[in-house]
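Colleague: No sequence on hand, only this structure:
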């Protein structure tokens, strides 16, 4: 059995005067949401054998703040292919994961992550899958299990969604901002 966990980067700052999208940092709310997710992972004793992340600043900072909440150091592998990647590009990264890894955390961007969930998990009226399809908010986690021993065998429609956890599910103050 393989478990794939997907984490969308936390809320980034659009007001920050950076010249490239790649360089956008997290805003205060994003840092807080990341730490909340880290505490939730700690409280549920969830760990990963391998962490792969987009090298974009907002992903790097998301992982740093998750680690603060988790109370542990996280040592990700940075993969440029994950930056704004499509679902099919993310699947290529997954397929290349060594089979010794049982629990993979992939940290990146939408719409690729959401599309990947919808590709891998069959639409069987599952409430959590429907929620992901409605909106995969920043700093949200999705875990998917696969009945296989080989990452290269993961394919569309063969995953089972285990949980979909949004920061607002843990701390209601992190719910949608007023318009």
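Modeller: Thanks, I have the structure now. For clarity, every value in this text was computed on a predicted model and none was experimentally measured.
Colleague: Flag the helix or strand of this protein with the lowest per-element mean pLDDT.
Modeller: helix 127-134 (a mean of 92; mean pLDDT, DSSP states H and E).
Colleague: Which residue ranges of this protein form helices?
Modeller: 28-43, 57-70, 87-95, 112-120, 127-134, 167-170 (DSSP state H).
Colleague: JSON lines please, covering these and showing distance to residue 148.
Modeller: C-betas here are computed from N, CA, C, even on glycine. What follows is those, written out as JSON lines (distance: least, CB to CB, whole Å):
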{"stretch": "helix 28-43", "distance to residue 148": "24"}
{"stretch": "helix 57-70", "distance to residue 148": "26"}
{"stretch": "helix 87-95", "distance to residue 148": "11"}
{"stretch": "helix 112-120", "distance to residue 148": "12"}
{"stretch": "helix 127-134", "distance to residue 148": "20"}
{"stretch": "helix 167-170", "distance to residue 148": "29"}
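Colleague: how about TSV for those helices, with mean neighbour count and distance to residue 141 added?
Modeller: Rendered in TSV, the data for the helices of the chain read as follows (neighbours: other CB atoms under 10 Å; distance: least, CB to CB, whole Å):
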stretch	mean neighbour count	distance to residue 141
helix 28-43	21	6
helix 57-70	22	10
helix 87-95	17	15
helix 112-120	22	10
helix 127-134	15	11
helix 167-170	19	9
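Colleague: For residue 19, find the nearest of the ones you listed.
Modeller: helix 57-70 (12.0 Å; CB to CB).
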